[in-house]
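>>> A predicted structure for the sequence below; I have some questions about it.
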Amino acid sequence: DVKVTQSSRYLVKRTGEKVFLECVQDMDHENMFWYRQDPGLGLRLIYFSYDVKMKEKGDIPEGYSVSREKKERFSLILESASTNQTSMYLCASSYIAGVPGELFFGEGSRLTVL
Amino acid sequence: AQSVTQLGSHVSVSEGALVLLRCNYSSSVPPYLFWYVQYPNQGLQLLLKYTTGATLVKGINGFEAEFKKSETSFHLTKPSAHMSDAAEYFCAVSDDPNNNDMRFGAGTRLTVKP
C-alpha cells in the first residue's frame, strides 16, 4: 500500500515562530502537493512539486514556502506563523503518468497558531 | 481555470435511504472528475474517478457517479446508506492528466441516522 506520512499530527505554535511540516511518501511518486483544508472552503492548493528541487505555486502560496531536496520528501515551511494560518494541512503525492490518477493523502497535520 | 461547486455542505439521510451528493464543475476543456471521501481524523481517499469512456462510473463501497456533460454535473449516489458512510465527501476536477491542477469543492458532510 502507498503510504504518505506527515511528521506531526498536531502542532501548537506561537505567532512569529518558524514552522516546518514534513511529508514523506514511499511510492517513488514524482508529484507531491501541499493543501490547506478549512471548513466550508474545502482543500486549497498551496504548492506542488513535480520533481526534486522543482516547485510551483498553487492558489494560496502567500506566507508559505516549500522544499524538495529528495524525491520522497516535501516540506512546507511557514517562515513566521500567523493566527490565520491555523488550519489542517494535507500532503499528497501521485505519479506523473499522462493518465489522471488518484492523489494519495497523508492523515493531515493540524496546526494551531496562538 | 476549472472549479467545483458542491451543493449542500451538510446532507442527512436515514440508514437504508438513497444518498445523493451534488457536484457541478466548470472547465474549458473535457475534465477529469473525482470523488474523494474523508473519514474522521484521516486523509482523503479516492472513491471513484471519470476520465474518458463510460459516463457512469462505479467506485468503492457501492458508490457511483454519472458524468453529464450537458449539465456539467458529476453527482455521487448510493442506493442504500450505511452508518459507515458517515464522512465528508469532496468532488474534484482536473484539466491536467498529470494531476498538477486538481481543484476540490468545499465538501459535503454526510450524516446517516439510524
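Noted; the coordinates are in hand. Residues are numbered from 1 along each chain as shown, chains lettered A, B, ... in the order given.
>>> Roughly how far does whatever residue of chain B ends up closest to chain A sit from A:Cys91?
When you check chain B against chain A by C-beta to the nearest C-beta, the closest residue turns out to be B:Gly43, at 3.3 Å. Yep, even glycine has a C-beta here, placed from its N, CA and C like the rest. Here B:Gly43 is placed at a distance of 8 Å from A:Cys91 (C-beta to C-beta, to the nearest Å).
>>> Find the residues that touch each one of the two.
Taking C-beta atoms under 8 Å, 6 or more residues apart in numbering or on different chains as the contact rule, B:Gly43 and A:Cys91 both touch A:Val4, A:Phe105, A:Gly106.
>>> what's the first-to-last distance across stretch A:104-114?
Between the opening and closing residues of stretch A:104-114 lies a distance of 30 Å (C-alpha to C-alpha, to the nearest Å).
>>> Pull up the residues of chain B that are close to chain A.
Residues of chain B found near chain A, taking C-beta under 8 Å from any C-beta of the partner chain as the criterion, are B:4, B:6, B:9, B:32, B:34, B:36, B:41-46, B:49, B:51, B:90, B:94, B:96-100, B:102-107.
>>> What is the burial count for the residue of chain B closest to chain A?
B:Gly43 is surrounded by 21 other residues when neighbours are defined as other C-beta atoms under 10 Å in any protein chain shown.
>>> What mean pLDDT does stretch B:39-47 get?
The average of the pLDDT scores along stretch B:39-47 is 90.
>>> count of neighbours near B:Pro30?
Neighbours of B:Pro30 under the rule other C-beta under 10 Å: 12.
>>> rewinding a little: filter the residues of chain B next to chain A down to the buried ones, ChimeraX style.
Selecting only the buried members of those in ChimeraX, with burial defined as 16 or more other C-beta atoms under 10 Å in any protein chain shown, works like this:
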select /B:4,6,32,34,36,43,44,46,49,51,90,94,98,99,100,102,103,104,105,106,107
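>>> So the residue of chain B closest to chain A versus A:Glu102, what's the distance?
B:Gly43 is 12 Å from A:Glu102, where distance means C-beta to C-beta.
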